[in-house]
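Undergrad: Need a 3D model of the following:
(2 chains)
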Amino acid sequence: MMRWLTPYRSNILLIALGCAVLPKLTASAMPGLLPGSTSITLAIAVALAIAGLSLNLLLGYAGQISLGHAALLGVGAFAASVVVDRWNGPMFGAWAFAALVGAAVALVIGLPALRLRGLYLALATMVFGLTMQASVLRWPVFTRGSAGVEVPRRLWGDRILVDPAIFLSMVLLMLLVVWIVDRNVLRTKIGRAFRMLRENETAAQAFAIDVTRYKLLAFVLAGAIAGLGGALYGHAIGLVNSDVFPLDLSLRIVLFVIIGGIGRRWGVAVVAVLLSLNPELPSFLRGYDLVLAAAIVLYNIVRLPTGLAGLVDHLRDLRARTKPSDEGSEEMPKMPEFAAVFHEDPSDVLVDRRLLVVEGASVAFGGLRAVDDVSLGVKPGTVVGIIGPNGAGKSTLFNAISGFVAMDGGTVSFDGQPLGALAPHARAAMGMGRTFQQVGLARDLSVRENMLLAQHQHAGYGDAAALVYSRSVGAIEDTLGTKADELIAGLGFTSFAAKPVGQLSGGQQRLVEIAAVLATTPKLLMLDEPTAGLAPAAAEALGERLAALRDDHGQSILLIEHNVPLVLDLCDYVYVLNAGRLLAEGSPSALGRNPAILSAYLGEAVA
Amino acid sequence: MSLLELKAVEAGFGSSTVLHGVDLNIEKGSSLGVFGLNGAGKSVTMKVIAGLVPARGGRVSFRDADVTNLSPENRARMGMAYMSQARQLFGKLTVSQNIRLGTSVLRKRNRERSREVVAGVYERFPLLADRRTQQAGSLSGGEQAMLAIGRALASDPQVLLVDEPSAGLAPAVIDSVFGMLQDLRSEGMTIVLVEQNITFGFRLVDRAAVMQSGRVVYEGAVGELDTTKVAKLLGVGRLLGSRLNRVMNERKKARTTKRAKGVRR
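TA: The predicted model follows:
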């Protein structure tokens, strides 16, 4: 049953069902369903729910705030009016046009978002909203100033849709379409990339995710949905002017998302509809509605930061917890098995030349030379270690190699190509996979989702295909899913594949991270302190696994590590870094024979 | 006298349970090491003691009071000092500002006492006194570890909760960190330690508790533990096993000589 109901099929079924059922439902049952609310007030509420979903996609998934969403709705409404009122076009065309214009305008808002973050982005989008309201939305050429423009519900030619119940069913159908697109976003690489942006922009790049591109895509998608929502809103109220889209409306949309639950589709939609219906309050509360709303918001923020959806989750967890769980009886974890990853032939790596060549690398932070004229190389199929005291510049060197820190001098070439100022995600796409000292995973996503996320560059489908979840997308996602399950099984983590990574212990997170980086099928695996926080047994096992990766699969590895016995045991070549400079290099046996170096910088514990 | 006691403590996240009834007992002036594989629940246990993760069941008592529902800051006021894995210094603040933050849990009116405690910290770590005006972020790894301990001591604690002090430190630095902890222990400070580095961990503590899947499965005085059993529970291989043996034998010997001395007296 579950196998048969693929996402692709369930999308088609939902749309078919919506087309068949919604018109009848709204025509017959609606008046009795919610007393006191007409089809039009409901249509307005649903249009605002679409606006809420738009912001939810932007804020909840991609982590980009917008306080100017009302302006996007306004743009959509006026664009729709141009089509139906001025060009006498059909309203379906108007919706498509509104979505396009909304996307284009959102792209303009998105540009500052590439540089701004948090509070500054909130301010910039708010100012954008206010400016739009005061200028473009008042521009007589488009909007006839404060007199406003009509947005007739034109079907085609002279046919105007009069039955509000039918209109409501159309709006609901559009909500369904947005819902499905939103769902498709979440279950493809687009949604995973968005959520990785929100969680950890730096680590996203290490998984070959182009941060710029996906940020803009988030704005464009949100803009298209908001434009559509605005058009529907305009059609519902019939006459729009700039006063319909004040800052106040933007803030209300933000409230929908926060009270519904950030990133939670159904919570946002339910809250948006409920808050937009303006229910009749009992008489003793009349006039206090703003006070009441403020109290709800305050309570929400203090006690329910995860919103309505979070509350429901919590209740479900409470119920689940009372059931006996078998987690307690879990056996000792298996030794991690990373070798299942390889689908590529190791022979496509250059064999006769060095895979990584760093020459004269220097990085300065102000007056401090964190890395000073360091040269090193990694031959294919070898494990190279970097050791040195804390603050020696090891991690900075790593960041310079992987492109996260600009070098002040020197060159890096990889796989025979000079890298210049290539962006980190492009380096990752070339086959540099790296881990971070502070584990570079999306903490809120499950172990499995992180494994899927890591395979970003192997998800070979386009964005448009992803939005409609075409058949080929389904096939590719299935392959990625199988791979992810294999990797997780290799770690022995199958029992908590669905757990958010943030709930795993530090050592488990570290193992998941290494497996995730291997899922990118890197030509060079760069590990920054892989055994930090690992139990001794796990650290030992990890060393054996890394050796097996090299011996059986020709994996090249560059690692920073404080565990000197492991380094001496595992590495083919070792560089010793101190105060930003190369202090020594050589084979482990040569360095081992030079205890002066080791004891001076690493202490007596080496032996 | 028991200073800190955990009785049947349960804790978890969302629908999953991580601790399935943990019992621990720490006497004043003693030191307890919590060991176990990754995901056994060691760090969560520490966080439950410090109040950073709520206990869902069971009881945490500290200084003869039930603190199960007490906030982390109130527990700190009662004398718990928690040092997390990440050390969490304020990198942009100076050394002395970091240390003064440590004293913030002492009573505001008790200026005299705060001054005394801070002076004590600088006396213990003269290096920190020299670096008083330097930004914490600009210190070397070892100095940062020292500052983290100094800041914890600045709250004049009854118990030090230390979560993996060795993580991410170069071996030489680990050595000096454990030297500092050793000094504190011999001065009678109560210490609860979570540590992956077996050698250092078992050398420091008097008692050890081994956790597995959210429960304490083996506990005892370090000198009396069955080394083979510990090695099996911690899943250590040949290389580490021999090191564990060495440390355990050291501790056993120390214990018997101590006893012998006691008898002579």
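Undergrad: I'd like to know which elements whichever helix in chain B runs longest is packed against.
TA: Under DSSP state H, the helix in chain B containing the largest number of residues is helix B:238-264. Applying 3 or more Cβ pairs under 8 Å, 6 or more residues apart in numbering or on different chains; DSSP states H and E, we find helix B:238-264 packed against helix A:536-553, helix B:198-204, helix B:227-233. Using the backbone N, CA and C atoms, a C-beta is placed for each residue, glycine as well.
Undergrad: ok, and which of those has the densest surroundings?
TA: helix B:198-204 (a mean of 22; mean count of other Cβ atoms under 10 Å in any protein chain shown).
Undergrad: What is that one packed up against?
TA: So helix B:198-204, by 3+ Cβ pairs under 8 Å, 6+ apart, packs with strand B:31-36, helix B:171-186, strand B:190-194, helix B:238-264.
Undergrad: Export these to JSON lines and append columns for distance to A:L22, mean pLDDT and mean neighbour count.
TA: Shown next, in JSON lines, are the helices and strands packed on helix B:198-204 (distance: least, Cβ to Cβ, whole Å; pLDDT from 0 to 100; neighbours: other Cβ atoms under 10 Å in any protein chain shown):
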{"stretch": "strand B:31-36", "distance to A:L22": "56", "mean pLDDT": "94", "mean neighbour count": "25"}
{"stretch": "helix B:171-186", "distance to A:L22": "66", "mean pLDDT": "90", "mean neighbour count": "18"}
{"stretch": "strand B:190-194", "distance to A:L22": "57", "mean pLDDT": "96", "mean neighbour count": "24"}
{"stretch": "helix B:238-264", "distance to A:L22": "66", "mean pLDDT": "75", "mean neighbour count": "13"}
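Undergrad: Now render those as JSON lines, adding distance to A:P530.
TA: What follows is the helices and strands packed on helix B:198-204, written out as JSON lines (distance: least, Cβ to Cβ, whole Å):
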{"stretch": "strand B:31-36", "distance to A:P530": "20"}
{"stretch": "helix B:171-186", "distance to A:P530": "16"}
{"stretch": "strand B:190-194", "distance to A:P530": "20"}
{"stretch": "helix B:238-264", "distance to A:P530": "17"}
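Undergrad: what's the spacing between the closest residue to B:S96 other than its chain neighbours and chain A?
TA: Distances taken as Cβ to Cβ, 6 or more residues apart in numbering or on different chains place B:R132 nearest to B:S96, at 4.4 Å, with adjacent residues excluded. B:R132 sits 20 Å away from chain A, going by Cβ to the nearest Cβ, to the nearest Å.
Undergrad: Could you check the pLDDT of B:R132?
TA: Note for B:R132: predicted pLDDT of 90.
Undergrad: and if you look at A:R187?
TA: 92.
Undergrad: show me where chain A has strands.
TA: A:149-150, A:154-156, A:159-160, A:239-240, A:356-365, A:368-378, A:383-387, A:409-414, A:417-418, A:432-434, A:524-528, A:556-560, A:573-578, A:581-586 (DSSP state E).
Undergrad: out of the ones you listed, deepest packed?
TA: strand A:432-434 (a mean of 27).
Undergrad: Partner strands of that one and their direction?
TA: strand A:524-528 (parallel) (DSSP bridges).
Undergrad: With mean pLDDT as extra columns, can I get the strands of chain A in CSV?
TA: Putting the strands of chain A into CSV (pLDDT from 0 to 100) gives the following:
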stretch, mean pLDDT
strand A:149-150, 88
strand A:154-156, 88
strand A:159-160, 88
strand A:239-240, 90
strand A:356-365, 92
strand A:368-378, 91
strand A:383-387, 94
strand A:409-414, 93
strand A:417-418, 91
strand A:432-434, 94
strand A:524-528, 95
strand A:556-560, 95
strand A:573-578, 91
strand A:581-586, 88
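Undergrad: Now render the ones you listed as JSON lines, adding distance to A:L566.
TA: Formatted as JSON lines, the strands of chain A follow (distance: least, Cβ to Cβ, whole Å):
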{"stretch": "strand A:149-150", "distance to A:L566": "71"}
{"stretch": "strand A:154-156", "distance to A:L566": "72"}
{"stretch": "strand A:159-160", "distance to A:L566": "76"}
{"stretch": "strand A:239-240", "distance to A:L566": "67"}
{"stretch": "strand A:356-365", "distance to A:L566": "21"}
{"stretch": "strand A:368-378", "distance to A:L566": "18"}
{"stretch": "strand A:383-387", "distance to A:L566": "9"}
{"stretch": "strand A:409-414", "distance to A:L566": "25"}
{"stretch": "strand A:417-418", "distance to A:L566": "32"}
{"stretch": "strand A:432-434", "distance to A:L566": "19"}
{"stretch": "strand A:524-528", "distance to A:L566": "11"}
{"stretch": "strand A:556-560", "distance to A:L566": "9"}
{"stretch": "strand A:573-578", "distance to A:L566": "11"}
{"stretch": "strand A:581-586", "distance to A:L566": "17"}
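Undergrad: between those strands, which gets nearest to B:S2?
TA: strand A:524-528 (41.6 Å; Cβ to Cβ).
Undergrad: show me where pLDDT drops low in the stretch 1-150 of chain B?
TA: For the stretch 1-150 of chain B, the stretches flagged by pLDDT under 70 are B:1, B:107-109.
Undergrad: just the helices in it please.
TA: B:42-50, B:72-78, B:95-103, B:111-124, B:126-130, B:141-153 (DSSP state H, counting those that start in this stretch).
Undergrad: Export those helices to TSV and append columns for distance to A:V447 and mean neighbour count.
TA: Below are the helices of the stretch 1-150 of chain B laid out as TSV (distance: least, Cβ to Cβ, whole Å; neighbours: other Cβ atoms under 10 Å in any protein chain shown):
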stretch	distance to A:V447	mean neighbour count
helix B:42-50	18	24
helix B:72-78	28	16
helix B:95-103	36	20
helix B:111-124	42	15
helix B:126-130	41	15
helix B:141-153	31	23
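Undergrad: Which one, of the ones you listed, ends up nearest to A:T38?
TA: Using Cβ to Cβ, these put helix B:72-78 closest to A:T38, at 52.5 Å.
Undergrad: Wait, A:F97 touches A:A80, no?
TA: Yes: taking Cβ atoms under 8 Å as the definition, A:F97 is a contact partner of A:A80 at 7.0 Å.
Undergrad: In terms of neighbours, single out the busier of those two.
TA: A:A80 (32 against 21; other Cβ atoms under 10 Å in any protein chain shown).
Undergrad: Hmm, the more buried one is touching A:A98, no?
TA: Yes: at 4.6 Å, A:A80 counts as touching A:A98 under the criterion of Cβ under 8 Å.
Undergrad: Name all residues that sit in contact with those two at the same time.
TA: A:230-231 (Cβ atoms under 8 Å, 6 or more residues apart in numbering or on different chains).
Undergrad: A:A541 is nearest to which of the helices and strands packed on helix B:198-204?
TA: With Cβ to Cβ as the yardstick, what comes closest out of the helices and strands packed on helix B:198-204 is helix B:238-264 (11.0 Å).
Undergrad: What sits closest to residue 133 if chain neighbours are left out?
TA: Chain wasn't specified; assuming chain A. A:S242 (5.3 Å).
Undergrad: The intended chain is chain B.
TA: Closest to B:T133 by Cβ to Cβ, 6+ apart is B:T94, at 5.3 Å.
Undergrad: and B:A209, helix, strand or coil?
TA: Three-state call for B:A209 (DSSP: H, G, I helix; E, B strand; the rest coil): strand.
Undergrad: how many neighbours does it have?
TA: B:A209 has 23 nearby residues by other Cβ under 10 Å.
Undergrad: same question, A:P164
TA: 18.
Undergrad: now A:G502: how far from A:R448?
TA: 14 Å (Cβ to Cβ, to the nearest Å).
Undergrad: Neighbour count for these two, which is higher?
TA: A:R448 (20 against 14).
Undergrad: so what's that one up against?
TA: Contacts of A:R448 by Cβ under 8 Å, 6+ apart are A:481, A:484-485, A:488, A:497-498.
Undergrad: and which of those is nearest to chain B?
TA: Nearest to chain B among those is A:A498, at 9.7 Å by Cβ to the nearest Cβ.
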